[in-house]
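Q: Next one to model:
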Amino acid sequence: MLDPATLTAHLARLDRDGYTIVEGAFEAALADALLADLERLEEQLGEGPGKNPFEGYKTVRIYNLLARGKIYEQIPVHDAVLPIVEGVLIADASCPRCRRSRSALARRRSRFTRTTCSSRSPSRTRGAHAIIAG
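A: Okay, here's the model as predicted:
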């Protein structure tokens with residue numbers, strides 16, 4: 001579990017930079033299993049480095065990992081990650097525009113959403129990004 005100061009620092013980095021890195025978040029065995037499955041998906045889906053500036057020319061992106069295997073369901077609820085996820089959701093819940101956006105999408109039965117919160121950072125899209133390093 002994250003101590004309050006560490007949690008606050010992660011949430012501040014998310015707000016400022018759009019991402020945060022939680023070092024040592026997972027046991028080595030889980031990190032190895034995640035990396036092995038990402039390699040499997042990369043090959044199975046024929047994914048390779050991006051072909052445009054947004055995706056990056058050296059970055060391999062595999063979208064919607066939560067729908068691609070049970071192993072990925074462990075990430076957002078892991079003890080080192082869940083407080084950060086909850087912090088983002090609570091921050092978004094306090095923003096009326098985000099609440100409206102989330103309820104409209106919920107009515108359409110969207111499971112995972114990204115919302116833009118203009119009351120916090122005018123041009124930032126709120127979302128969670130995971131960087132898994134072995």
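Q: hang on, Glu47 in a strand?
A: No: using DSSP: H, G, I helix; E, B strand; the rest coil, the assignment for Glu47 is coil, not a strand.
Q: which residues of the chain score low on pLDDT?
A: Counting by pLDDT under 70, the chain contains low-confidence ranges at 91-134.
Q: Mind jotting down where the strands sit in it?
A: 115-116, 125-126 (DSSP state E).
Q: Could you measure from Arg68 over to Ala12?
A: For Arg68, the distance to Ala12 (CB to CB, to the nearest Å) stands at 30 Å. In this view, the C-beta of every residue, glycine as well, is placed from N, C-alpha and C.
Q: the more surrounded of these two?
A: Arg68 (16 against 11; other CB atoms under 10 Å).
Q: In space, what's closest to that one - neighbours in sequence excluded?
A: Leu41 (6.1 Å; CB to CB, 6 or more residues apart in numbering).
Q: Over to Leu30?
A: Gln74 (6.9 Å).
Q: Please apply the same query to Leu66.
A: Tyr72 (5.3 Å).
Q: so who does that neighbour touch?
A: 34, 37, 65-66 (CB atoms under 8 Å, 6 or more residues apart in numbering).
Q: Mind checking which of the residues you listed are in helices?
A: 34, 37 (DSSP state H).
Q: now the contacts of Tyr72 in TSV, with neighbour count and distance to Leu7?
A: TSV is the format used below for the contacts of Tyr72 (neighbours: other CB atoms under 10 Å; distance: CB to CB, whole Å):
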residue	neighbour count	distance to Leu7
Leu34	20	23
Asp37	17	28
Leu65	17	23
Leu66	12	22
